[in-house]
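*Asks:* Just a sequence and a predicted model for now, questions to come.
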Amino acid sequence: MTALTTRPEPGAAKPAGPPSRPPGRPRPAGHGLLRHRRASFLVHRRSAVVAGVLLLLLAAAFVTALCVGETYVSPLDALRSVFGVPNDNDFVVGTLRLPRVVTGVLVGLAFGAAGSLIQTVARNPLASPDVIGITRGAGACVVGFLVLGGMSSGDIPYAALLGGIGAAALVYLLAWRRGLQAQRFVLIGVGISLALVSVTNMLLTKADVVLAQQAKVWMSGSLNGRGWDYAQPLALTLLVLLPFLAWAGRAQRTAGFDDDTATSLGIRLGRTRLGLAVIGIVLASAATAAAGPVEFVALMAPQVARRLARTPQIPLVSSALVGALIVCVADIGARLLFSPTELPVGVVTAAIGGPYLLWLLTRSRTGGAA
């Protein structure tokens, strides 16, 4: 028996059925498409939820940091001072605590984003600005200017920025061999970092006692006494880099490929990796200039964010928010753990980051996913 087929008459309505998907690449599982006018963005749903939760936790930590200290301030009074409603705690909250907390949040955002970009370029969870020598370069430059040049405290941020960028440029130049090989990049960074520590210690032994003490306090990573003069340059840096960070969030999807995979797909990663590295270096140097080398934040934040979001690549926004949350909570702990004695925030983050680094090394050695 022969089956009969009929063609629809011209102008006849098409049979009902599921709408066909427009041609093009299939949308990855777990992603949604966000459209704004002519622009469209692919958003990982779980990453968006994680970023929203982190933002709420950061807001809670921000208010808590305004409330605690030698004098307790209620959350309502703290918020009144923030929004300019006069009350008895304006000096404590508005003058002493608010600039410090804002600086800490900005430092955490910068370190978290910098760690995300550096680890993406290096394809190694052990790579971070404090491991590959960026923060060490900033510290060595500050100590050198303090000891040899008689630099004032107001010039410290500029010296730190110069030292961080210089150390990163040295690492990048030494690691470049017809491309940026991830393992070589990390190993050379560790070597440069150790050399800079030796230079810093040598300078400290020859420094005046007062200058050496000032340098040691700065190198411990502290938010004590940080005012708007520290927060504003860092905020301006983040604002200027915002369009580049939007590009970096998309570029991370391909920058994590190994060289063989990128070559087989016809992707040139040299410029992409260079761009991501430069953005990460500037962010880490600016954060170090504002608060000193706050250790391990840039190391921990990207991996914590990736595990929360469960994405193949490190989520940039979530990593920045985790970094801000770590610094904010660590600052609260620095003020309360040994009250009335106040610890540098870098001491608290190092106490958290040291065991984390050991766990990460042990997990990598035993074959676990890093």
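*Replies:* Perfect, I can see it now. Source: prediction; values computed, not measured. Numbering: from 1, shown residues only.
*Asks:* Residue 297 is in contact with residue 324, isn't it?
*Replies:* No. Assessed by C-beta atoms under 8 Å, residue 297 is found out of contact with residue 324, at 9.1 Å. C-beta: built from backbone N, CA, C; applies to glycine.
*Asks:* Tell me which residue is most central in the chain.
*Replies:* When C-alpha atoms, centre = their mean is applied to the chain, the residue found nearest the centroid is residue 112 (1.7 Å).
*Asks:* Is it correct that that one falls within a helix?
*Replies:* Yes. Judged by DSSP: H, G, I helix; E, B strand; the rest coil, residue 112 forms part of a helix.
*Asks:* How about it, nearest residue that isn't a chain neighbour?
*Replies:* Sequence neighbours aside, residue 323 is the residue nearest to residue 112 in space, at 2.2 Å (criterion: C-beta to C-beta, 6 or more residues apart in numbering).
*Asks:* mind listing what the one you found touches?
*Replies:* By C-beta atoms under 8 Å, 6 or more residues apart in numbering, the residues touching residue 323 are 108-113, 115, 297-298, 301.
*Asks:* What strand or helix carries it?
*Replies:* Element membership for residue 323 (DSSP states H and E) is helix 316-336.
*Asks:* what mean pLDDT would you report for that helix?
*Replies:* Mean pLDDT, helix 316-336: 94.
*Asks:* cool, stretch 60-67 as well?
*Replies:* Averaging pLDDT along stretch 60-67 yields 95.
*Asks:* With stretch 222-232 instead?
*Replies:* Here stretch 222-232 scores 88 as its mean pLDDT.
*Asks:* Can you get me a residue count around residue 212?
*Replies:* Applying other C-beta atoms under 10 Å, we find 17 other residues in the vicinity of residue 212.
*Asks:* I meant residue 68, not that one.
*Replies:* Neighbour count of residue 68, defined by other C-beta under 10 Å: 17.
*Asks:* And for residue 196?
*Replies:* 23.
*Asks:* Check which helix or strand it maps to.
*Replies:* helix 182-205.
*Asks:* Contacts for that helix, please.
*Replies:* Applying C-beta under 8 Å, 6+ apart, the set of residues contacting helix 182-205 from outside is 121-124, 126-127, 130-133, 136-137, 139-140, 143-144, 147-148, 167, 170-172, 174-175, 177, 212, 215-216, 219.
*Asks:* Repeat that for stretch 62-76.
*Replies:* For stretch 62-76, using C-beta under 8 Å, 6+ apart, the contacting residues are 78-79, 81-82, 89, 92-93, 97-98, 101, 104-105, 328, 331-332, 335-336, 339-340.
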